[in-house]
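*Asks:* please find the sequence and the predicted model below.
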Amino acid sequence: MVKQHKLILIVNIILLVCLIMLPNFVHAIDPNDYDPSQKPVSGTSVNEITDKANNIIGTITTVGIVIAAITIIILGLKYMIGSVEEKAEYKKTMIPYIIGVVFIVAISTILPVIVNIVESLNK
């Protein structure tokens, strides 16, 4: 249990350091320097970014669901084959996995709904 807390603390510290070290650049035009005769800067459009983000989120969700399903299938098989003591232990380990699967599925269904709501507000 102590090792788990140390591991969580180390991961949190690493994530915090990574967030602090991320650069924060603003690529905006000063209104006083704006010249309408200049060509607009070419770049990535919002639709391209949204499409790429949707592809990444979809891939992560699919991989997460597949891994979770395989893990639960393996635990279920071990549960069916195991002795009484092993079954009690597998019940304890199955609950966090099932909660994780519920979170993965819930996020993958709620996220598109939120995106649709935000897109409808921007129109």
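*Replies:* Ah, there it is.
*Asks:* just the helices in this protein please.
*Replies:* Secondary structure of the chain (DSSP state H): helices at 2-21, 46-81, 84-122.
*Asks:* for those helices, give me JSON lines that also has mean neighbour count.
*Replies:* Heads up, the C-betas are built off the backbone N, CA and C, glycines and all. As requested, the helices of the chain are exported to JSON lines (neighbours: other CB atoms under 10 Å):
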{"stretch": "helix 2-21", "mean neighbour count": "9"}
{"stretch": "helix 46-81", "mean neighbour count": "12"}
{"stretch": "helix 84-122", "mean neighbour count": "12"}
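*Asks:* how about those in CSV, adding mean pLDDT?
*Replies:* CSV is the format used below for the helices of the chain (pLDDT from 0 to 100):
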stretch, mean pLDDT
helix 2-21, 78
helix 46-81, 82
helix 84-122, 81
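*Asks:* so Val118 versus Ile20, what's the distance?
*Replies:* To Ile20, Val118 is 28 Å away according to CB to CB, to the nearest Å.
*Asks:* then Leu111?
*Replies:* Distance from Leu111 to Ile20, by CB to CB: 27 Å.
*Asks:* ok, now Val63?
*Replies:* Separation of Val63 from Ile20 (CB to CB): 29 Å.
*Asks:* these two touch, right, Val101 and Ala69?
*Replies:* Yes. With contact defined as CB atoms under 8 Å, Val101 reaches Ala69; the gap is 7.5 Å.
*Asks:* contacting residues for Thr93?
*Replies:* Leu75 (CB atoms under 8 Å, 6 or more residues apart in numbering).
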